[in-house]
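[1] Provided below are the primary sequence and the corresponding predicted coordinates.
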Amino acid sequence: MQRILVAFTLVFLCAFGAIAQNSSEDLKKKQAEIQREIDDLRNTLNDTKKNKKASLGQLALVQKKLKLREQAIGNINEQINSIQSTISQNYGEIGRLNKELDTLKEQYKKSVVYAYKNRSNYEFLNFIFSANSFSDALRRIEYLKSYRQYREQQASTILNTQALLNEKNEGLKASRRQKDEVLKDAEKEKRVLVVERKEKDEFLGKIKAREREISKEIEMKNRADQKLRVAIRAAIDKEIKAAAAAAREKAAREEKARVERQKELEREREREKARLAAAAKQEQPATKQEQPATEPPVTKTTPAPEPKKQPASTGSVFEATPEGLALSGGFEKQKGKLPWPVDKGTVKLHFGTYTIEDTKIRGNNPGITLETNTGAAVKAIYEGEVTTVFDIEGNWAVMIQHGKYFSVYSNLASTTVSKGQKISMGQTIGRAGSNDDGNGEVEFIITLERINQNPEAWLRRR
């Protein structure tokens with residue numbers, strides 16, 4: 001029984017150790033990913049600082065870096081809790097193993113004392129020969145053998161338990177060292193967090209100093225956004241009308257074909273009726289020509305049933321064709337996985353209403369504003385067809401249709417596509433223009449027909 005308990009303990013501790021190791025490795029991996037993001041943001045921020053003017057894009061980078069730093073500290077705290085849980089588990093196991101080892105040693109001591117007292121050959125032989133029968137003597141010999149094996153197993157169990165105890169003690173020491181290292185990392189991250197909070201406050205101060213200037217920029221953006229909204233709506237309305245007209249034409253062609261089929265069936269029935277009448281007339285005997293003519297038998301034909309009219313579709317007019325339906329479905333399946341329209345860049349302004357901290361700057365973004373390198377390649381996020389290319393405030397905008405969804409790329413310095421062109425995912429459609437601060441900038445919008453969507457919900461996590 002004791003050996004079974006020890007074996008179970010070994011299995012349990014190994015399993016627990018593996019789980020704890022996996023959890024620790026996952027947290028370390030997450031920490032490394034966060035640190036890579038922070039490093040990328042720092043490099044991007046250093047590039048943007050070449051422009052001495054504090055911009056909303058720089059502020060967004062600083063705020064995102066600060067948020068990632070807070071995530072890093074939270075992740076470190078999780079690591080500390082995980083290590084502390086392992087330490088507590090080790091303490092409990094060490095205490096239990098010590099008790100178990102004491103019990104094993106006491107039992108072994110008793111068995112050794114017993115063996116010592118009965119060590120002589122006389123006692124051994126006396127025990128066997130005092131048996132009542134030969135079979136009883138054989139059983140006693142087997143008993144003595146099994147008792148010897150039992151003592152050997154006791155010794156082996158003690159050694160295994162001692163080895164396990166030593167291993168847990170070493171593991172405890174390693175966990176303590178690891179905890180000390182992680183605590184140092186936590187203190188370091190907290191010091192950096194203090195510095196980065198000061199950096200954010202400094203940026204906010206610079207933004208506040210430029211509040212009037214930035215407010216004018218936002219007003220210009222709002223005007224451009226409004227023009228963009230109007231242009232997008234007009235383009236989508238035009239596409240809806242065209243799709244609806246195409247659907248009506250298709251329905252009219254199908255109805256015309258149905259009517260023609262019905263008329264052809266009627267003509268076929270009339271021809272069959274005339275043929276049967278002529279055949280009946282020829283078969284009448286000459287002697288009966290004086291009798292009143294009777295109507296020839298007419299073979300009744302069952303008119304073909306008219307095809308049932310399909311109920312009016314409640315779906316999108318853009319899904320009236322198999323191609324449109326497939327594009328919509330494919331686009332929806334990629335939600336949260338779509339590539340970003342620029343390879344490198346940061347979200348300067350998010351979707352929807354926004355307020356810049358500690359300022360009166362407010363706005364309502366129809367999509368997301370991406371700050372990137374001037375002239376950076378702007379790419380289609382999914383396959384589709386260019387619906388329109390139009391001018392907004394001196395820069396280009398491209399709209400691509402993906403079934404009932406549309407993606408819009410605005411503030412392009414140049415474009416390489418034209419209306420009606422088929423586009424593949426990742427294809428370059430133009431180059432990023434710049435804003436008044438001289439930084440590269442792209443406005444990116446996704447709509448479900450006329451309804452604006454949050455693009456960040458559709459794009460893959462960076």
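    Yep, it's here.

[2] I figured residue 319 hits residue 402, correct?
    No: if you go by Cβ atoms under 8 Å, residue 319 and residue 402 don't touch, sitting 11.4 Å apart. Glycine gets a C-beta too; all of them are placed from N, C-alpha and C.

[3] those two: who's more crowded?
    residue 402 (25 against 18; other Cβ atoms under 10 Å).

[4] top strand in the protein by residue count?
    Secondary structure assigned by DSSP state E gives strand 405-415 as the longest strand of the chain.

[5] where in this protein is the helix or strand with the lowest mean pLDDT?
    Taking mean pLDDT, DSSP states H and E as the measure, the chain has helix 121-129 as its least confident helix or strand, at a mean of 54.

[6] next SSE downstream of that one?
    Proceeding N to C from helix 121-129, the next assigned helix or strand is helix 134-209, under DSSP states H and E.

[7] and after that following helix, which helix or strand comes next?
    Proceeding C-terminally, helix 134-209 gives way to helix 211-282 as the next helix or strand, assigned by DSSP H and E.

[8] could you pull up phi and psi at residue 447?
    phi -130, psi 150 (degrees, to the nearest 10).

[9] spatially central residue in this protein, please.
    Taking Cα atoms, centre = their mean, the centroid of the chain lies closest to residue 336, which sits 5.7 Å from it.

[10] just checking, that one touches residue 456?
    No: Residue 336 sits out of contact with residue 456 when judged by Cβ under 8 Å, with a separation of 9.6 Å.

[11] for the helix or strand residue 446 falls within, which strands pair with it and how are they oriented?
    In this assignment (DSSP H and E), residue 446 forms part of strand 440-448. Sheet pairing here is set by DSSP bridges, and for strand 440-448 it gives strand 368-372 (antiparallel), strand 405-415 (antiparallel), strand 428-434 (antiparallel), strand 451-453 (antiparallel).

[12] the residue nearest to the centre of the chain: what's it in contact with?
    Counting by Cβ atoms under 8 Å, 6 or more residues apart in numbering, residue 336 makes contact with 457, 458, 459, 460, 461.

[13] which among those residues count as buried?
    Neighbour counting with 16 or more other Cβ atoms under 10 Å marks 458, 459 as buried within those.

[14] which of the contacts of residue 336 has the weakest pLDDT?
    Least confident by pLDDT among the contacts of residue 336: that is residue 461, with 86.

[15] wait, a strand at that one?
    No: Residue 461 is assigned coil when assessed by DSSP: H, G, I helix; E, B strand; the rest coil, not a strand.

[16] ok, it - contacts?
    When contacts are counted by Cβ under 8 Å, 6+ apart, residue 461 touches residue 336.

[17] which segments of this protein make up each domain?
    Per automatic domain parsing, the domain ranges recorded for the chain read 2-209, 223-277+319-462.

[18] ok, back up a step: avg pLDDT for the strand holding residue 446?
    For strand 440-448, mean pLDDT rounds to 95.

[19] and for stretch 214-227?
    Mean predicted confidence for stretch 214-227 is 88.

[20] what residues of it count as buried?
    214, 215, 217, 218, 221, 224, 225, 227.

[21] what lies in contact with it?
    By Cβ under 8 Å, 6+ apart, the residues outside stretch 214-227 that reach it are 56, 207, 356, 359-366, 369, 392-393, 410-411, 435-437, 443.

[22] could you look up the SS state of residue 396?
    Per three-state DSSP, residue 396 ends up strand.

[23] what number of residues are in the vicinity of the closest residue in space to it that isn't next to it in sequence?
    Excluding its sequence neighbours, the residue lying closest to residue 396 (Cβ to Cβ, 6 or more residues apart in numbering) is residue 412, at 4.2 Å. A total of 21 residues lie near residue 412 under the criterion other Cβ under 10 Å.

[24] correct me, but residue 412 touches residue 397?
    Yes: counting by Cβ under 8 Å, residue 412 does reach residue 397; the two are 6.8 Å apart.
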